[in-house]
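S.K.: here are the coordinates; sequence isn't available:
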């Protein structure tokens, strides 16, 4: 009887019998769960990357920085801010 440790026979047991010799009959639940988790992780990483890129793009433009300051200081209204920001980002 095999009790663990090194198994020189690989998948073969004593007498040449193969363990788990049944063919695959479709997808297992574990495969679907691990694929789903991997997909969720990839989507989260893509979202985080997009958010960082969008934040960097918006804050790297000096005109947008000035526009943000004017909004915070109350020099322009939110409607003016939205209109001017959309014009700046189209360029």
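M.R.: Right, received. Where do you want to start? Small disclaimer: the values here were computed from a predicted structure and weren't measured. Numbering: from 1, shown residues only.
S.K.: which SS class is residue 34?
M.R.: Using DSSP: H, G, I helix; E, B strand; the rest coil, the structure places residue 34 in helix.
S.K.: tell me how many other residues crowd it.
M.R.: For residue 34, the count of nearby residues is 11 (other C-beta atoms under 10 Å). Yep, even glycine has a C-beta here, placed from its N, CA and C like the rest.
S.K.: for the protein, give me the ranges with low pLDDT.
M.R.: For the chain, applying pLDDT under 70 flags the ranges 1-28, 58-59, 91.
S.K.: quick check: which element contains residue 40?
M.R.: Secondary structure from DSSP states H and E places residue 40 in helix 29-60.
S.K.: which other helices and strands does the helix or strand that comes right after that helix contact?
M.R.: Using DSSP H and E, the helix or strand that directly follows helix 29-60 along the chain is helix 62-73. Where contact means 3 or more C-beta pairs under 8 Å, 6 or more residues apart in numbering; DSSP states H and E, helix 62-73 is packed against helix 78-90.
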